[in-house]
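1. here's my sequence, what's the structure:
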Amino acid sequence: MPSLWINGAWTAPVRGGRRRIQNPATLAIVDEVADASAEDVARACAAAAAAQTHWRRVPALERARLLHEAALTMRGDRARLSELLTLEGGKPRIENLDEVEWCAACFDYYAEIARHSHGNSIPPTAEHQINFTIKEPLGVVGAIVPFNYPLLLLVWKIAPALAAGNTVVIKPSELTPLATLRLAERALAHLPPGAVNVVTGGAEAGAALVDDPRVACIAFTGSTAVGTEIAVKAARQLKRVNLELGGIDPLIVFEDADLDVAVPGAAWARFLNNGQVCTSAKRIFVVEPIAREFIDRFVAHAKTLKVGDPMDPDTDLGPMISERARARVEDQVKRALSQGARLLYGGTRLDAGPGWFYAPTVLTDVRPEHAVVCEEVFGPIASIQVVRDADEAIARAAQSEYGLGANIYTRNLTYALRAMQEIKAGTFWINDPLTDNDAAPFGGMRKSGMGRELGEEGLDAFRETKHVHLDFIPERKPFWFPYRQRRDEVAAVAAHDVRA
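-> Numbers count the residues shown, from 1 in each chain. A predicted model of the protein is given here:
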């Protein structure tokens, strides 16, 4: 029964509350964790603030060594971390093995770039001056993480934050806290006490973290509605935010696409983690010349996906995260069908175990106003829209208030560049959907968020730039008071004005 991880040690919650963590595949109780209160969050923030005065002064080379050590420990603990991710979140074990490796690689990446990314020299404006900038940590960073990628989306925040010299307080999803606690206890325990703190719990803990004046920045991944509330609260304290929010991402299949690649690629882009991915392809557009063949092959491919026990290495899709999540998806499908959409496959619960299983679902004849098109669908529903040509495909794909990601399949450079220019998206994937790169920035436009994770931009999200001006020959400046010494200059300007 894990407690809170505060100041480098297990700590009991002030009020003694507990939360049960349920396996979404078997419905068995995996474990219990502490239900943090506002008082617990305050203790964690105090520990982080105290630790930050030391951590920010640790030399970059030493910080890099410690982050590399964390990555090495993650890889050594890959079996247990991936098991916990599967038990609490329901993703197939193979995906969670990948997730742990991606986390380790991200720590390795930021360990290195933080060693040499510290600022710039600037040309001076006068003699015997030196100007330069330095990058300073913000202070304490609050990381609020969702259930779908509990470790990866966490590491995208805390690896650069720690590398920049910040300390962190983590609030994992109340549904999937176990792997995060394990990561703190094992892979991050060698960091100075207070550098990493974990408070498990629900809305009270999250709100307290956002409100705490010691927290300089909130890094959040989740819904647009909650992200907006966080931004409003943070603005009252002029607190920095980094928000990766919802998406209704398009995927276009143009007529020149290789369907042997585009069909399984589109299915993976939509059904990965049961569609519980912010950047999954939630609006699929296919041009008329290939629409029939694409749809037939897409449905046939969906039928081959094995839904079941996520610990089974043959499983492609596990359960949805909760009964509530499945019910929401069922409602969206029901509304789409009542509005005229056509069900080609799925649309039902599956008897794959006692958990929250739902069949991969394919809908067509959907329109922009349908729930499965205009709302973010966090479930295994592929809605396919047939369009006349490339012009209509690009125009329809661009019609969105969101802008997290976009995908296209084409070998036509004109199609690719036109779509890239017209569609607002933080990441634009061509022929390779949903692929991340630690060195490339990730984030959303419009209602999909603000700020960036990963890359050097992800490091700067947790740093402030300070300009340093040095005059190495101290002397009295001619433009200081008193101004009477510059009477002749004023008179000359006035005389020039009269002549003009």
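2. in the stretch 251-400 of the chain, which spans are strands?
-> 281-287, 342-345, 361-364, 381-387 (DSSP state E, counting those that start in this stretch).
3. so for Q399, which of those sits nearest?
-> Evaluated with CB to CB, the strands of the stretch 251-400 of the chain place strand 281-287 nearest to Q399, the distance being 9.4 Å. Just so you know, the C-beta spots here come from the backbone N, C-alpha and C atoms, and that holds for glycine as well.
4. tell me how far that closest one is from the chain's mean position?
-> Centroid displacement of strand 281-287 relative to its chain, using CA atoms, centre = their mean, to the nearest Å, is 23 Å.
5. and what of stretch 11-29?
-> Offset of stretch 11-29 from its chain centre (CA atoms, centre = their mean): 25 Å.
6. hang on, the earlier thing: what's the most buried one of the strands of the stretch 251-400 of the chain?
-> strand 281-287 (a mean of 27; mean count of other CB atoms under 10 Å).
7. and that one, average pLDDT?
-> Averaging pLDDT along strand 281-287 gives 96.
8. which elements pack onto it?
-> strand 249-253, helix 259-271, helix 371-374, strand 381-387, helix 390-398 (3 or more CB pairs under 8 Å, 6 or more residues apart in numbering; DSSP states H and E).
9. can you get me a residue count around G142?
-> Here the number of neighbours of G142 (other CB atoms under 10 Å) works out to 33.
10. contacts for the helix or strand hosting it, please.
-> Under the criterion of DSSP states H and E, G142 resides in strand 140-144. For strand 140-144, contacts defined as CB atoms under 8 Å, 6 or more residues apart in numbering pick out 45, 48-49, 52, 154, 157-158, 161, 166-171, 206, 209-210, 212, 214-222, 230, 462.
11. switch the cut-off to 6 Å
-> 48-49, 157-158, 161, 166-171, 206, 209, 214-220, 462 (CB atoms under 6 Å, 6 or more residues apart in numbering).
12. in helices only, show me those residues.
-> Among those, the subset assigned to helices under DSSP state H consists of A48, A49, K157, I158, A161, G206, L209.
13. my read: the second one touches R214, true?
-> Yes. A contact is recorded between A49 and R214 when judged using CB atoms under 6 Å, the distance being 4.5 Å.
14. which among the ones in helices among the contacts of strand 140-144 gets closest to H116?
-> For those, the nearest to H116 is A161 (17.9 Å; CB to CB).
15. does the closest one touch D460 like I think?
-> No. A161 is beyond contact range of D460, at 11.3 Å (criterion: CB under 6 Å).
16. which one's more surrounded, the two?
-> Taking neighbours as other CB under 10 Å, A161 and D460 compare with A161 leading, 28 against 17.
17. ok, that one - contacts?
-> Counting by CB under 6 Å, 6+ apart, A161 has contacts V141, V168, F462.
18. quick one: which of the residues you listed is most hemmed in?
-> Result: V168 is most packed of the contacts of A161 (other CB under 10 Å), 30 neighbours.
19. quickly list what that residue is bridged to.
-> Beta-bridge partners recorded for V168 (DSSP bridges): V141, V196.
20. let me know the pLDDT of it.
-> Confidence for V168, expressed as pLDDT, is 98.
21. do H370 as well
-> 88.
22. what are the phi and psi values for it?
-> Backbone torsions for H370, taken as degrees, to the nearest 10, come to phi -70, psi 150.
23. for the spatially closest residue to it that is not a sequence neighbour, what are its contacts?
-> Nearest non-adjacent residue to H370, counting by CB to CB, 6 or more residues apart in numbering: A336, 4.8 Å away. For A336, the contacting residues are L363, H370, A371, V372, by CB under 6 Å, 6+ apart.
24. farthest-separated two in those residues?
-> Across these, the longest distance by CB to CB is 10.6 Å; it joins L363 and A371.
25. on that earlier part again, how about the helices and strands packed on strand 281-287, which one is nearest E489?
-> helix 390-398 (56.5 Å).
26. now the helix or strand just after the closest one, how far from the centre of its chain.
-> Of the helices and strands lying after helix 390-398 in sequence (DSSP H and E), the nearest is strand 402-403. The chain centre lies 14 Å from the centre of strand 402-403; the measure is CA atoms, centre = their mean.
27. again with stretch 126-146
-> Centre to centre, stretch against its chain (CA atoms, centre = their mean), the figure for stretch 126-146 is 22 Å.
28. likewise for stretch 211-225?
-> With CA atoms, centre = their mean, you get 13 Å for stretch 211-225.
29. mind checking the SS state of A70?
-> helix (DSSP: H, G, I helix; E, B strand; the rest coil).
30. for it, what are its contacts?
-> A70 touches F107, A187, L188, counting by CB under 6 Å, 6+ apart.
31. and it, how far from N412?
-> 44 Å (CB to CB, to the nearest Å).
32. do L85 as well
-> From L85 to N412 the distance is 39 Å (CB to CB).
33. between these two, which one's more packed in?
-> L85 (27 against 15).
34. do I have it right that that one meets L97?
-> No. L85 is beyond contact range of L97, at 8.9 Å (criterion: CB under 6 Å).
35. let's see the strand holding G142 as PDB, backbone CA atoms only.
-> Below are the C-alpha coordinates for strand 140-144, written out as PDB (Å, rounded to 0.1, in the frame of the first residue of the first chain):
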ATOM      1  CA  VAL A 140       9.300  24.200  -8.600                       C
ATOM      2  CA  VAL A 141       7.400  22.500 -11.500                       C
ATOM      3  CA  GLY A 142       4.000  20.800 -11.000                       C
ATOM      4  CA  ALA A 143       3.500  17.900 -13.400                       C
ATOM      5  CA  ILE A 144      -0.100  16.700 -13.800                       C
END
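36. model confidence over it, on average?
-> Averaging pLDDT along strand 140-144 gives 98.
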